[in-house]
Every structure is written in structure tokens, then in C-alpha cells.
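In: turn this into a model:
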Amino acid sequence: MSIKLQYTEIGTVKAIRGCIVIVTGLANCINGQLIRFGYGTLGMVVGFTHDEAQVLILKESSKIRTGDDATASIEPLVTPVGKNFIGRIVNPLCEPLDGLGPIEPDYTAPIFPESPPILDRQPLNKTLETGIKVLDAMIPIGRGQRELILGDKMTGKTTFVTDTIVNQKGSGVVCIYCSIGKARASMAKVVQLFKDRGCFDYSIIVSAAASSTPGQQYLSPYVACSLGEYFMQRGKDVFIGFDDFTKHAWCYREISLLLGRPPGRDSYPGDIFYLHSKMIERSCYLSKEKGGGSMTFFPIVEILEGDLTAFVPSNLVSMTDGQIYLSSQLFGEGQKPALDMGLSVSRVGSKVQWSAIKALSGPLRLEYLQYRELLRLSKLKTSGQSDEMKQKLKRGAILTAILRQDKDSPVCQEMQVLIFYAFNKQYLNDLAIDQVNTFQETCLDHVQKNKPEFMALMRERRKLDPEVEKMLDEIIRVLVTGIVERTLAKANRA
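Out: Model (predicted):
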């Protein structure tokens, strides 16, 4: 019979400062070490001196009092991971919150591992299809990329994450939605959307609600990364949305002030940059020798009155592969998604796009920005407009209508090719804006009923060739002609 020896130390609680407990009497300490108190209360070492250890409370099952025992074994904090977590809602300790019973893990994984080294990675070359037209066309996202989402409160930041998750149905991508400090009512909307769209077939939710302890809010994104790494190391593609890092930074600032660490800019501790960069670096596209899996991150940051130069946003901009900036002004004008083309960028670029979308969307960004400037000038101009200006304004309005998209309604890549092809070939120039909207709403049903072979052909080739273009011309002509005829018939009846 084998005997397992375990080294255990017993310390004593010296002081309690909110979510921080000061423990004395521990001869050995490591950062991230698990500490147990009585009746299932758990903590983690977040700092230590020669005489005492600073412990962050993660789960408080019973009230901690001065003089209580604190038990430490030399083991780092780990989290259970495995395929059985798909379809479940868990807290940052991976305990179920959905009332569906316990979860059987495959094994436990470290919460703070080293990120994969450069030699274990490969360049990004596969697109992550978000289903958001303006994103797929102008800010393409690659699998393994880190793309920051910035915006004021109530500008549609969470929608970018949820729409991307909805669009992954059937793609084989495992999705993790990490909620940090969100209200339960907001979280309930996300859960209901996932249930309605069948997202739980391939998704996990890690939730640290606003009412949870600062320790759990601090831990939640790391646990989401560890769950994602389980699938990435097995060759799967993973998408993680963090909602949001602003509240995570607030939580860490609170913990640091309780630890007595000197505050810096905006009262944040100096290691806030390290805190996020160590986590962000875990996103990657592994080499074929390591399984070829990937992990894509969409961290969300809430800014105040469009201030991109605040401490946390500017830190995260420097460590990600691009940013999506959502403008409250555009949102107020009804342009949704309210993506600001001038301040949004993807540093991976168009090398991960479909060849067809790359060819069609190339000039769209410049054309849209020119239209926005022309629209601003036309409002200032008091005299009449030239025919050329009217034509440019109408084409810009059509492009704006094409890029507008309702929430929870992602558009597949095949339909994006069809829509942008129709715009490029000027099939939509003679249509009114409401007719352009009708064109977009009916194109998928029309193709599925009349040209189902187009979907398979486009998905296979992903580029424009004579056969594909001929099919596109035929589909678009029939669609546009039908819309015009129905409009005329409706006008005649009126």
C-alpha cells in the first residue's frame, strides 16, 4: 500500500481587512498558494513578508475571526477543467450556478500558468467569423487574436461578444463568456439569449456577479483562461469574451489598497499592467506540433466620455492586437453597431480574411470615412448641392445601411459576400434605403430556396472567380427586380 505524505502548516489569523486576512506563523509561502480556514472557507496568498502572509478570501462559508487557524499545504491554487463544463454556468471556483447538479472534471489545471512560448506558436492564418458585417469586412479577426473592445456605457460592447458567440454555432469553436462584476439582471439577459439560440451546446459561462467577493471577481478571467486552455491544448479553437476588464481593474485596485500597496496613476497599483498582460498573453494560435488549437480574446473596457487615454484602456491598447472603438455619438444617431472606423483597427489585418471579402471590402473603409466627412460638410453648407455630391451622399447612405445591423442577428460570410458584391457592382444605387434593407433581409431566404448550391460553392472556394460572379449576378438581379416590382405594385394599390 502506497503512503502519500503531505506537508501542512498551521498559521494564525492576526487581522482582517475586508476581503484580506493577515496570517502569521507560516514558514513557507508562495504567491497563489491555497489557504484553508474552518468550515470550507478558502483563501489565496497574494503577498507576504518575513513575518506574515496576506491572504485574499475567495469563498467565505463561515465568519473568520482573529485567532482562528489557517491551514496551508505547499500547493498552488488550481481549478477543475474538462469537457463536461460545456453547457454549464459556473462561478470562479467552477462550482455550478445553474442548478443542474455537480460537474465531473477531467483533471485540475493551474490558474496562473506560464503563457505558451513563441516557439510553440504559429502566425495567425484562420479567420474568426463574427457574423458582424462591419467587423468581418473592415476589422477582420483571426483565430488566436486579442481584440480590445472600448466604449462608453450602453454603446453595445457586450453585443459584440454575444453576437460572435451566437455566430459560432456549428463552427466547432468552443465559447466562454466571462462575466466580471455584472448585475444579475444583465447576466440573466445573456443567459436567456444563450438558451434561445442554443449557444449552450458549445459554450460555458463563468460568472462573478457584482454581489460576489472581490476575490472571485479577481479570479474569474484567469479561471476562464484555464478552462479555454483545456480545449486549446486538444486542438480546439476557443473564443473568450471578458465582460469587462474595467470592473476587474476596480476590483484589483480595491484589493491592493487593502493590502497597503502604494497607489499610482488613477489610484491603481503599479502592477496592474502586469496583471492584465500576463493574462492576455495566454491567447495564441498553437503550432501544429502542439495540436494547432487557438484561443481568441475579446476583452471589454468601459471608458468615460470617450477618454481613450485613461490608464487601464491605454495599457490594454498596448498589449492587444487591435481595438474596436464604439462611439456614443454614432450610437445616438442610430448607427448600430456604433463602430468608429477612424479609431478602430485590427493589427492582424486582412491576411486572415476570405479572399472574396478582402477584394470587396478593400475600398469600403476609405469610402465610408469620406462619406462621414462629406455628410458633415453638407450640413454646414447653406447653398445647393451638386449632382456629384448628391450621388456620393446617396451611395454613402446605402453603405451605411449595409453596415447597420440589429443585435443578436449575425450574418454569415456567404451573405456578406453577396451584399458587398451588390454594393461594389452598383446594383443597389437605384434603390431607396428601405429597399436596401429589404434586400438584406430577404437575400438569405431567397438563396436557400432558389440557389442553395451557392452557399456550398462559396464556402468551398472563398474567392471570386467567373463561376461565382456569374451566380452572384444572377441572384442579385432577380432579388433587385423582385423588390422593385413589389414596390411598384404596392404604390399602384395605394
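
In: how about the CA coordinates for the host helix or strand of residue 357, as PDB?
Out: Secondary structure assignment for residue 357, by DSSP states H and E: helix 355-361. Listed next in PDB are the C-alpha coordinates belonging to helix 355-361 (Å, rounded to 0.1, in the frame of the first residue of the first chain):
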ATOM      1  CA  SER A 355     -10.200  36.300 -50.500                       C
ATOM      2  CA  ALA A 356     -13.700  37.300 -51.700                       C
ATOM      3  CA  ILE A 357     -14.400  39.600 -48.700                       C
ATOM      4  CA  LYS A 358     -10.900  41.000 -48.900                       C
ATOM      5  CA  ALA A 359     -11.400  42.000 -52.500                       C
ATOM      6  CA  LEU A 360     -14.800  43.500 -52.000                       C
ATOM      7  CA  SER A 361     -14.200  45.400 -48.700                       C
END
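
In: now do that helix, average pLDDT.
Out: In this model, helix 355-361 has an average pLDDT of 91.

In: run the chain-centre distance for it.
Out: 24 Å (CA atoms, centre = their mean, to the nearest Å).

In: residues of it that come out buried?
Out: 356-361 (16 or more other CB atoms under 10 Å). The C-beta positions use only the backbone N, C-alpha and C, and glycine is treated the same way.

In: cool, stretch 442-453 as well?
Out: Applying 16+ other CB under 10 Å to stretch 442-453 flags 443, 446-447, 451 as buried.

In: and if you look at stretch 121-132?
Out: Quick answer for stretch 121-132 (16+ other CB under 10 Å): 121-122, 124, 127-132.

In: how far is that stretch from where the chain is centred?
Out: 13 Å.

In: circling back to that earlier point, and which of the buried residues of helix 355-361 is nearest residue 237?
Out: Closest approach to residue 237 among these (CB to CB): residue 357, at 19.2 Å.

In: which one is residue 159 nearest to, not counting chain neighbours?
Out: residue 407 (4.6 Å; CB to CB, 6 or more residues apart in numbering).

In: re the thing from before, can I get the buried residues of stretch 121-132 in JSON lines with pLDDT and secondary structure?
Out: As requested, the buried residues of stretch 121-132 are exported to JSON lines (pLDDT from 0 to 100; DSSP: H, G, I helix; E, B strand; the rest coil):
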{"residue": "121", "pLDDT": "94", "secondary structure": "strand"}
{"residue": "122", "pLDDT": "93", "secondary structure": "coil"}
{"residue": "124", "pLDDT": "91", "secondary structure": "coil"}
{"residue": "127", "pLDDT": "92", "secondary structure": "strand"}
{"residue": "128", "pLDDT": "93", "secondary structure": "coil"}
{"residue": "129", "pLDDT": "93", "secondary structure": "coil"}
{"residue": "130", "pLDDT": "93", "secondary structure": "coil"}
{"residue": "131", "pLDDT": "92", "secondary structure": "coil"}
{"residue": "132", "pLDDT": "94", "secondary structure": "coil"}
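
In: all strands for the stretch 151-300 of the chain, in order.
Out: 174-180, 203-208, 237-243, 294-302 (DSSP state E, counting those that start in this stretch).

In: and the third one, what's buried?
Out: Right, the one you point to is strand 237-243. 237-243.

In: reformat the strands of the stretch 151-300 of the chain as CSV; add distance to residue 473 and mean pLDDT.
Out: Output for those, formatted as CSV (distance: least, CB to CB, whole Å; pLDDT from 0 to 100):
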stretch, distance to residue 473, mean pLDDT
strand 174-180, 36, 96
strand 203-208, 39, 96
strand 237-243, 34, 95
strand 294-302, 35, 95
